[in-house]
Structures are given as C-alpha cells and as structure tokens.
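> got a structure for you, letters missing:
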C-alpha cells in the first residue's frame, strides 16, 4: 500500500502570508481610524451658537433655498393639471418636508462630522418598524428624531430653526385638509346630473370639490374635497349625512376614506 505523503508546511505559506497581510492592513486601518475619530467635532456649542452668525445664516439660507427650489417642483403646471386622487393634492406638503429633512441631515454631516450619517442610518433602520401607518406618521417620526438629534448634539439653534420652519410649512399646507369621498348614487337620476348636484351642495356647505372621477359602468363617483380650518372630518360626515337624508342629492351610500 503506497504511503500518503503529508503536505509540506510550505504549501500553506501563500495562505498564511495572505492572512498576515490582511491582518496587518486591518490593524493599520483601525489605527488610522482611531487617530481620526477624536478629531471630528460632533458636539455643538449650545445656545452660544447664536454668536456663530455665519453658521446660523448659512443654515437659514439653506432652509430658504430648499423651500424655493422644491416649490418649483411641487407646483409644476403639469403636476397641478394631473391631480386626481387625495395623495396628489397632499404631495406638495410631503415634498417640502422630505426635502427639508434631507437638507438638515446634509447640513449636520457637513458641519458636525460624518459620523452623524452613520447615526442617522442606524436610526432609519429602527424607524422601519414604526412606519406602517402612512407617510404622515413617517414624516413626523423622522422630524422628531432629527430635532431630538440636534438637541442631543448640543445644537439647539438648528433644532429651533427646524421646528419653526416645519411648523410654518405645516401651518400653510394644513390650512385646507383634503378628504376623499366615495359616493354611490341611485338610478333615479342620470349620474352626470347627480355628481354635479352633489358638488354644488358641498360647495355651498363650505367645502370645495377639487376633483371628481366616476367609476366605469357603476353609479359611483370619487370626490376629493378641500375643507378649511373651521371644517373637520366630523363636520364633513355630518354634512354628508344631512345630504343623504334629503332627497336633493340622490345619494344611496357614501364613504370617507381614511
């Protein structure tokens, strides 16, 4: 029976050399990172940042620039002309808020260390488990996280400007709430007459019908209704109940989408 020769240690030399080289490079990178990290200024100056007028002015200017540029996209004539469903009418508010979120994140990274980017990346992973309720909840969570992060980084001035700016955006775009209503009409009156009649009745009650779309081959019409600050969802439900009880609107059933 022939003897099996054991492999010489020299045959493992390339593998050992590769492992030693990788370990050496990793140690060098770690040592380099260790020397860089302490030099990164992440902490702010508290309210004393008000004396740093250059940074405060730069942040306020970036806030204004972002708002102006996004308004060009949010109110593009094509976007306005093709609005049909509720989300189309609420898109400008979402565009403004997400753009401002991106601006604040970029500003923090550029002025107070790129490590903040990794922090935000980790926080974003946590937010994934709490953002199943819609875009509005997602925006509020991200905004609250950003404001808290600014305070934690000892940057209360940036947190304050962000809070005031977002409050103004929500106040302006929250002046008129949007509601989506699905209405089923009876067959006694032509659907075209009924849908126009309901539009006039809602307009007369203080609600503005922004869009109407009829379902194919069914007496069902989808409305997007704008309501002022004084008119809430409960007020719209009450108004629809009154119109259903009367015989003027020819409504057989209706539903306000969430």
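It's in. Computed from a prediction, not measured in an experiment: that's the story for all the values here. Numbers count the residues shown, from 1 in each chain.

> which SSE is the most centrally placed residue in the chain in?
Nearest to the mean C-alpha position of the chain, counting by CA atoms, centre = their mean, stands residue 139 at 4.0 Å. Using DSSP states H and E, residue 139 maps to helix 135-152.

> buried ones in the helix or strand hosting residue 92?
Per DSSP H and E: residue 92 is located in helix 86-112. Across helix 86-112, burial judged by 16 or more other CB atoms under 10 Å covers 86, 88-90, 92-101, 103-105, 107-109, 112. From N, CA and C alone the C-beta is placed, and that goes for glycine too.

> low-confidence ranges in the stretch 1-150 of the chain?
1-44, 114-115, 117-137 (pLDDT under 70).

> how about the strands in this structure?
With strands called from DSSP state E, the chain shows them at 177-185, 207-214, 220-227, 251-256.

> okay, the angle between the helix holding residue 139 and helix 86-112?
20 degrees (axes from the mean of the first three to the mean of the last three CA atoms, to 10 degrees).

> Work out the gap between helix 135-152 and the centre of the chain.
Centre-to-centre, helix 135-152 and its host chain are 10 Å apart (CA atoms, centre = their mean, to the nearest Å).

> Show the contacting residues for the residue nearest to the centre of the chain.
Applying CB atoms under 8 Å, 6 or more residues apart in numbering, we find residue 139 in contact with 94, 97-98, 101.

> how near is it to residue 98?
Residue 139 sits at a distance of 7 Å from residue 98 (criterion: CB to CB, to the nearest Å).

> what's the span of stretch 202-215, first residue to last?
Stretch 202-215 has an end-to-end distance of 20 Å (CA to CA, to the nearest Å).

> I'd say residue 191 and residue 215 touch.
No. With contact defined as CB atoms under 8 Å, residue 191 does not reach residue 215; the gap is 9.7 Å.

> so how many other residues sit close to residue 150?
By the other CB atoms under 10 Å criterion, the neighbourhood of residue 150 contains 24 residues.

> next one: the one 4 residues further on
Other residues lying near residue 154 total 17 when counted by other CB under 10 Å.

> Check what pLDDT it gets.
Note on residue 154: pLDDT of 80.

> where's it relative to residue 109, distance?
16 Å.

> One more: residue 181?
Noted for residue 181: a distance of 44 Å to residue 109, by CB to CB.

> do the same with residue 63
Residue 63 is 16 Å from residue 109, by CB to CB.

> returning to that earlier point: with neighbour numbers in mind, choose between residue 191 and residue 215.
Ranked by neighbour count (other CB under 10 Å), residue 191 and residue 215 place residue 191 first, with 17 against 12.

> out of everything not next to it in sequence, what's closest to that one?
The spatial neighbour of residue 191 that comes closest, neighbours along the chain excluded (CB to CB, 6 or more residues apart in numbering), is residue 219 at 5.1 Å.

> My guess is the one you found contacts residue 186. True?
Yes. With contact defined as CB under 8 Å, residue 219 counts as touching residue 186 (7.3 Å).

> any common contacting residues for those two?
Common neighbours of residue 219 and residue 186 (CB under 8 Å, 6+ apart) are residue 194.

> Look at the two and report which has more neighbours.
The neighbour comparison of residue 219 against residue 186 (other CB under 10 Å) goes to residue 219, with 18 against 14.

> give me phi/psi at the more buried one?
Taking degrees, to the nearest 10, you get phi -80, psi 50 for the backbone angles of residue 219.

> Might you report the residue contacts of it?
Shown in contact with residue 219 (CB under 8 Å, 6+ apart): 184-187, 191, 194.

> how about stretch 149-159: buried residues?
149-150, 153-159.

> and these, which two are the farthest apart?
149 and 157 (13.9 Å; CB to CB).

> roughly how far apart are residue 156 and residue 63?
Applying CB to CB to residue 156 and residue 63 gives a distance of 16 Å.
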